[in-house]
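Student: Turn this into a model:
(chains A and B)
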Amino acid sequence: MHKKVVMKYAPIALLGLLTVLGACGADSGNDAAPDETVPVEDSSLSGELNVVGSTTVQPVAEVLAEAFEALEPDVIVFVQGGGSSVGVRSAVDGTADIGMASREIKLSELQENPELRIHTIARDGIAIVTEIGVTVDNLSKEQIKGIFAGEITNWNEAGGENLVITVVAREEGSGTRAAFEELVMDDALITGNAILQPSNGAVRTSISVIPGAIGFLSFGYLDDQTKPLAVDGVLPTEEFAASGSYTIVRPLNMVTNGNPEGIAAAFLEFIKSEDGQAIVASEGYLPVN
Amino acid sequence: MTGKKRLESAVKYIFLFSALMSILIVVMIGIFTFREAIPAFREIGIIKLLTGTVWRPGQGQYGILAMIAGSGLVTLGAVVIGVPLALGCAIFLSEIAPPAVRSFVRPSIELLAGIPSVVYGLFGMVVIVPLVRNIDVPGNTGFGLLSASIVLAVMILPTISSVSEYAIRSVPKRFREGSLAMGATKWETMTKVILPGARSGIMSAIILGLGRALGETIAMIMVIGNSVIIPFAASDNPLSIFLSRARTLTGNIAVEINYATGLHESALFATGVVLFALIMIMNSSARMLIGRKKWEK
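Tutor: Numbers count the residues shown, from 1 in each chain, chains lettered A, B, ... in the order given. Got it, this is the predicted structure:
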């Protein structure tokens, strides 16, 4: 998949460079090669599909794309990261056929683009994790809020030993951060003192090496490097998230500009089918329905 | 015109074209960055952007002072650690090392310049950060200015050392011989004759290193913590300011550009313009210093 992405974008990059060199009149980046030219109907599909956006949705989208390509040999699906906001924007301006977003679509985004259609393809839990050595096993949502807002700064204020709490978070604009803020923080702001890392993987590594560190991770990134905490007594497991007792859960969305047609419609249909949802589950996300 | 001459002039124009092309590219990048930054300058205001201490794009607050402070301090730290080391290397290579040793040490130092910066970042994250964490100051996580400065010091070492070695070598031999003939010791010759003679070259080496330090991105993101705060000293010792986390101007762009839209994106381009301006000032002052060689009269 990666190779395909590289090969596909090399000419676009070149084109971009030439455009910049030729005349600096055109607007930024949007003039990169119009891709889907041949409208395809009927039984056998052929052509290209561009899927762009959230790096949280990207891995599962890549696996789904591979399975879809096996079903439709004449279709090539290109999956590219960039972030939730980029996903929404690309779907709106047509650079992508489908945008990916690992958060709710904002009201402002819907107001600007009333044509936007949201397809929830999976749900994902966000776990609160600490460094392995932290003795606390359970926190209330209020405590979590206090810690991330910088009001609770020592583990002994939350039932642990005397150890300074280090908050690790994602950067501004990340879908995981936006979902965490919406689901846990309400109107409170994440402390400016937090260590910010630009990906789930980097957050996990940082937490694992800092004594007393706390952070949040997508369920897909849980492993023995960090210790997941129970929230209000409920452990962050797929089972509890599916049953609704674990509440820090966000939708993983795909968006299209207007109702999907052709390949895009077929791809979304495939994702929502039993086979597609089985793939979603095997990648560690919660299937929809 | 003979065929030979025609070929000559063709070659001349090919090279002229190459030269113009590179200028064009620099100008284009400058214009493009500035154009994208205009909405930020207009809506936020240059003063507010440069002096604002709060950066919360979600809340519409765009101040990059914390990042300017972060970049400034980490560069200062890198210079304090890296310059003595690099100068030591340069003096050793040009004045002391026998040719056999030199032919081994110099390529090793040059090799440092070829290591990708993400490797430096990784090294910093798994080696330097845990070491720095041992310093007992409340809230010290190891991620911060000190770790970043150490990593950066190693990264700018090859630049500073090779340019200053060149500067030291280009001090005319007669100065050295004259000084020694007057009965000065090797140490006196070095500190009173050679280093002052090479001063402008060494200064420009340091400034080139500064420019490199200001522009470094990925290695910094990995070890500096990326917190948007103005670095502060956590204990009575003012030096503990270097244990504070921070964010660099480059890191600000790299960490957030993936997700930025609208004014947020424009503010990141404005960060780029500030960086562009700082590095341009650095490089032109280096050029001015290189231009002055006082013994060439």
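Student: Helices along the stretch 101-250 of chain B, start to end?
Tutor: Ranges of helices in the stretch 101-250 of chain B, per DSSP state H, counting those that start in this stretch, are B:117-123, B:129-133, B:145-169, B:173-181, B:186-188, B:195-197, B:199-215, B:218-224, B:249-256.
Student: Give me whichever of those is most buried.
Tutor: Sort the helices of the stretch 101-250 of chain B by mean neighbour count, taking mean count of other CB atoms under 10 Å in any protein chain shown, and helix B:218-224 sits at the top with a mean of 27. Backbone N, C-alpha and C define where each C-beta goes, glycine included.
Student: quick one: low-confidence ranges for the stretch 1-150 of chain A?
Tutor: A:1-43 (pLDDT under 70).
Student: Would you check how far apart the residue of it found nearest chain B and A:Met100 are?
Tutor: Taking CB to the nearest CB as the measure, the point where the stretch 1-150 of chain A comes nearest chain B is A:Gly83, at 4.0 Å. A:Gly83 is 9 Å from A:Met100, where distance means CB to CB, to the nearest Å.
Student: neighbour count winner among these two?
Tutor: Per other CB atoms under 10 Å in any protein chain shown, whichever of A:Gly83 and A:Met100 has more neighbours is A:Met100, with 32 against 28.
Student: host element of A:Leu217?
Tutor: Assessed by DSSP states H and E, A:Leu217 sits inside strand A:213-218.
Student: per-residue confidence at B:Glu95?
Tutor: B:Glu95 is assigned 86 on the pLDDT scale.
Student: so what's it closest to, chain neighbours aside?
Tutor: Counting by CB to CB, 6 or more residues apart in numbering or on different chains, B:Met190 is the residue found nearest to B:Glu95 once chain neighbours are left out, at 6.4 Å.
Student: now swap in B:Gly82 and tell me
Tutor: In this structure, B:Gly82 finds its nearest non-sequential neighbour in B:Ala153, 3.3 Å apart by CB to CB, 6+ apart.
Student: Over to A:Gly146?
Tutor: The nearest residue in space to A:Gly146 (CB to CB, 6+ apart) is A:Ile152, at 4.2 Å.
Student: what about residue 46, how many neighbours?
Tutor: All of this refers to chain A. For A:Ser46, the neighbour count with other CB under 10 Å is 12.
Student: ah, no, chain B please
Tutor: Neighbour count for B:Ile46, taken as other CB under 10 Å: 14.
Student: Over to A:Gly173?
Tutor: For A:Gly173, using other CB under 10 Å, the count is 23.
Student: can I assume it sits in a helix?
Tutor: No - applying DSSP: H, G, I helix; E, B strand; the rest coil, one finds A:Gly173 to be coil, outside a helix.
Student: quick one: it and A:Ser85 touch, right?
Tutor: Yes - counting by CB atoms under 8 Å, A:Gly173 touches A:Ser85, with 6.1 Å between them.
Student: Chain B contacts on chain A?
Tutor: Neighbours of chain B within chain A, by CB under 8 Å from any CB of the partner chain: A:20-21, A:24, A:28, A:55, A:81-86, A:89, A:164, A:166, A:171-175, A:181, A:189, A:192-198, A:202, A:205-206, A:209-211, A:213.
Student: Look up how far B:Arg42 lies from the nearest residue to B:Gly144 once chain neighbours are set aside.
Tutor: Distances taken as CB to CB, 6+ apart place B:Arg245 nearest to B:Gly144, at 4.7 Å, with adjacent residues excluded. As judged by CB to CB, B:Arg245 and B:Arg42 stand 32 Å apart.
Student: residue in the stretch 151-297 of chain B nearest to chain A?
Tutor: Closest point on the stretch 151-297 of chain B to chain A, by CB to the nearest CB, is B:Tyr259, at 2.8 Å.
Student: pretty sure that residue is touching A:Arg177, no?
Tutor: No - with contact defined as CB under 8 Å, B:Tyr259 and A:Arg177 do not form a contacting pair (9.1 Å).
Student: what residues do these two have in common as contacts?
Tutor: A:Glu171 (CB atoms under 8 Å, 6 or more residues apart in numbering or on different chains).
Student: neighbour-wise, which of these two wins?
Tutor: When B:Tyr259 and A:Arg177 are compared on other CB under 10 Å, the one with more neighbours turns out to be B:Tyr259, at 26 against 22.
Student: tell me the pLDDT at the more buried one?
Tutor: On pLDDT, B:Tyr259 comes in at 71.
Student: Torsion angles phi and psi at the closest residue to it other than its chain neighbours?
Tutor: Spatial nearest neighbour of B:Tyr259, excluding adjacent residues (CB to CB, 6+ apart): A:Gly173 at 2.8 Å. When read as degrees, to the nearest 10, the backbone of A:Gly173 gives phi 100, psi -20.
Student: Give the full set of residues in contact with A:Gly173.
Tutor: Contacts for A:Gly173 (CB under 8 Å, 6+ apart) come out as A:83, A:85, B:57-58, B:256, B:258-260, B:264.
Student: if you set the cut-off to 7 Å instead, what comes out?
Tutor: Residues in contact with A:Gly173 (CB atoms under 7 Å, 6 or more residues apart in numbering or on different chains) are A:83, A:85, B:57, B:256, B:259-260.
Student: The closest residue to A:Thr55 other than its chain neighbours - how many residues pack around it?
Tutor: Spatial nearest neighbour of A:Thr55, excluding adjacent residues (CB to CB, 6+ apart): A:Gly81 at 4.5 Å. A:Gly81 is flanked by 20 other residues according to other CB under 10 Å.
Student: Please name every helix or strand in contact with whichever strand or helix holds A:Gly87.
Tutor: A:Gly87 belongs to helix A:84-93 when assigned by DSSP H and E. Here helix A:84-93 is seen to pack against strand A:47-53, strand A:98-101, strand A:249-257 when contacts are counted using 3 or more CB pairs under 7 Å, 6 or more residues apart in numbering or on different chains; DSSP states H and E.
Student: what's the closest of these to B:Leu20?
Tutor: With CB to CB as the criterion, B:Leu20 lies closest to strand A:47-53 of the helices and strands packed on helix A:84-93, at 36.1 Å.
Student: CA atoms only for that closest one - export them in CSV, please.
Tutor: Output of strand A:47-53 as CSV, limited to C-alpha atoms (Å, rounded to 0.1, in the frame of the first residue of the first chain):
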residue,chain,number,x,y,z
GLY,A,47,-10.9,2.9,-11.4
GLU,A,48,-9.3,4.6,-8.5
LEU,A,49,-10.5,5.7,-5.1
ASN,A,50,-8.8,8.2,-2.9
VAL,A,51,-9.3,7.9,0.9
VAL,A,52,-7.6,10.6,3.0
GLY,A,53,-7.6,11.7,6.6
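Student: Could I get the pLDDT score of the residue in the stretch 101-250 of chain A that chain B sits nearest to?
Tutor: Nearest residue of the stretch 101-250 of chain A to chain B: A:Gly173, at 2.8 Å (CB to the nearest CB). Note for A:Gly173: predicted pLDDT of 74.
Student: how about the residues of the stretch 1-150 of chain B near chain A?
Tutor: B:28, B:31-32, B:36, B:56-58, B:129-130, B:138-139, B:141, B:143 (CB under 7 Å from any CB of the partner chain).
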